[in-house]
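Sequence first, predicted coordinates after that:
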Amino acid sequence: MPKFAIPLHAALLAVFINVLWGGNPVAVKVTLEWLPPLWTGFFRFVLGVLTVAIYAMWRGIPLWPNRAEWRSLCVLAVMFAVQITIMNVGYDMTSASVSVVIQATFPLFVALMAHFYLEDDRLQPVKSLGLIVAFVGVSVIIFRETGIAAAGWLGLGPLVVLVSSILLASRIVFCAKLVKSIDPVKVTIWQMILSLPYFLIGGLAFEQIQWQNFGTGPLLGILFQGVVIAGFGFVVAITLPKYYNPSLVTSIGFITPVSGVLLAMWLLGDPLTWQLIVGTLTVGLGLFLIVREPGGKPS
């Protein structure tokens, strides 16, 4: 059973991993200078598979699916591959600071979808208010980025990232049922393994690696995505809630869009506009309301 308090070292670890999650769009943007979207997905998840496999071996977790699990894992892999492709394409079309805020809205869509598909997760009045508030924040950013001044191909970027966020939410809701019968480590590693042929074949057929842009930055970017996010990030995400109050661990996740915006400004020189400030704060408030229980505790 989870404890109902979280010690300082665990809280700091949760803060640290959520700051790292905010850096993922920054890492993707840097990597895309060298590897196009499908190749980025391929190399990221090769590294992710290796990292999670090492963790599974250390914990003694069996990874080979039984016959009844293959169909669900294949469906999940398709959802996973499509969502990651759209996410990488969207990140390539807009700034990292905008991407991180819009991608961070996936809990909105999780809450909305869970209301209809999960019997034990219904929308409450406060959650509904959170949905409205967060949508306002996203709308402020999207309107700023896709208005008349940003018309054209680049102006579609935030909308593509929003589609990715919606698809991520659908994958999470699907996984919520799947992990009731399949170990979450097995679910995570096989969605990556089964998607690798898609990324490899697609990259070979449709994309060209920009070897002239290879350097320390892009290399660190793909290592960050694969080892830190797809590997270490997953391990922390599934471990902390097993030992400590999940509501406290979840509540720390509001750091992600803020850290992402700050990292994009620092590392990529993204401008800080008033629309981005308002959108980030509004999305954070909306997400906070979504994970609050009626009694006032984060859910």
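In hand now; what should we look at?

okay, CA-based contacts and neighbour counts for the rest of this
Will do.

how about low-confidence regions in the stretch 51-200 of the chain?
Counting by pLDDT under 70, the ranges of the stretch 51-200 of the chain that qualify are 111, 114-155.

Would you map the helices across it?
Assigned by DSSP state H, counting those that start in this stretch, the stretch 51-200 of the chain shows helices spanning 70-93, 96-103, 106-117, 125-146, 157-178, 184-206.

and the shortest one, how far out from the chain's middle?
On the basis of CA atoms, centre = their mean, to the nearest Å, helix 96-103 sits 11 Å off its chain's mean C-alpha point.

got it, and stretch 12-30?
Between the centre of stretch 12-30 and the centre of its chain there are 10 Å (CA atoms, centre = their mean).

Identify the residues contacting Gly203.
36, 38-39 (CA atoms under 8 Å, 6 or more residues apart in numbering).

Now intersect these with the helices, please.
With helices taken from DSSP state H, the overlap with the contacts of Gly203 comprises 38-39.

related to what we said a few turns ago, just name the most buried of the helices of the stretch 51-200 of the chain.
Comparing the helices of the stretch 51-200 of the chain by mean neighbour count (mean count of other CA atoms under 10 Å), helix 96-103 ranks first with a mean of 28.

Would you reformat the contacts of Gly203 as CSV and include pLDDT, distance to Ala77 and neighbour count?
Converted to CSV, those look like this (pLDDT from 0 to 100; distance: CA to CA, whole Å; neighbours: other CA atoms under 10 Å):
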residue, pLDDT, distance to Ala77, neighbour count
Pro36, 95, 20, 21
Leu38, 96, 15, 27
Trp39, 96, 17, 25
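
of all the contacts of Gly203, which comes closest to Met79?
Nearest to Met79 among the contacts of Gly203, counting by CA to CA, is Leu38 at 14.7 Å.

Hmm, Met87 and that closest one touching each other?
No - using CA atoms under 8 Å, Leu38 makes no contact with Met87, being 10.5 Å away.

so what sits against both of these two?
Counting by CA under 8 Å, 6+ apart, nothing touches both Leu38 and Met87.

one step back: and Val258, which of the helices of the stretch 51-200 of the chain is closest to it?
Comparing the helices of the stretch 51-200 of the chain by their distance to Val258 (CA to CA), the top pick is helix 96-103, with 7.9 Å.

Quick one: list the elements packing against that closest one.
The helices and strands touching helix 96-103, judged by 3 or more CA pairs under 8 Å, 6 or more residues apart in numbering; DSSP states H and E, are helix 24-31, helix 125-146, helix 157-178, helix 255-263, helix 274-290.

Now do the contacts for Gln208.
Gln208 neighbours (CA under 8 Å, 6+ apart): 35-36.

The same query, at a cut-off of 10 Å, please.
Taking CA atoms under 10 Å, 6 or more residues apart in numbering, we find Gln208 in contact with 34-36, 38-39.

Among those residues, which pair sits farthest apart?
Between any two of the contacts of Gln208, the greatest separation by CA to CA is 11.6 Å, found for Trp34 and Leu38.

if I look at the nearest residue to Thr105 once chain neighbours are set aside, how far off is Arg67?
Spatial nearest neighbour of Thr105, excluding adjacent residues (CA to CA, 6 or more residues apart in numbering): Ser165 at 6.6 Å. According to CA to CA, to the nearest Å, Ser165 and Arg67 sit 31 Å apart.

Neighbours of Asn66, how many?
Look at Asn66: counted by other CA atoms under 10 Å, it has 8 neighbours.

Let me fix that, I meant to ask about Gly215.
For Gly215, using other CA under 10 Å, the count is 12.

picking up where we left off before, nearest to Gly286, of the helices of the stretch 51-200 of the chain?
helix 125-146 (4.0 Å).

Would you agree Ser259 is in contact with Val19?
Yes - counting by CA atoms under 10 Å, Ser259 touches Val19, with 5.4 Å between them.

If I follow the layout properly, Phe42 ends up in contact with Gln225?
No - between Phe42 and Gln225 there is no contact under CA under 10 Å: 11.1 Å.

Please put the alpha-carbon coordinates of stretch 14-22 into CSV.
In CSV, the C-alpha atoms belonging to stretch 14-22 read as follows (Å, rounded to 0.1, in the frame of the first residue of the first chain):
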residue,chain,number,x,y,z
ALA,A,14,9.6,13.6,-8.5
VAL,A,15,10.4,17.3,-9.1
PHE,A,16,13.6,16.4,-10.9
ILE,A,17,11.9,13.9,-13.3
ASN,A,18,9.1,16.4,-14.1
VAL,A,19,11.6,19.0,-14.9
LEU,A,20,13.3,16.5,-17.2
TRP,A,21,9.9,15.7,-18.9
GLY,A,22,9.6,19.4,-19.6
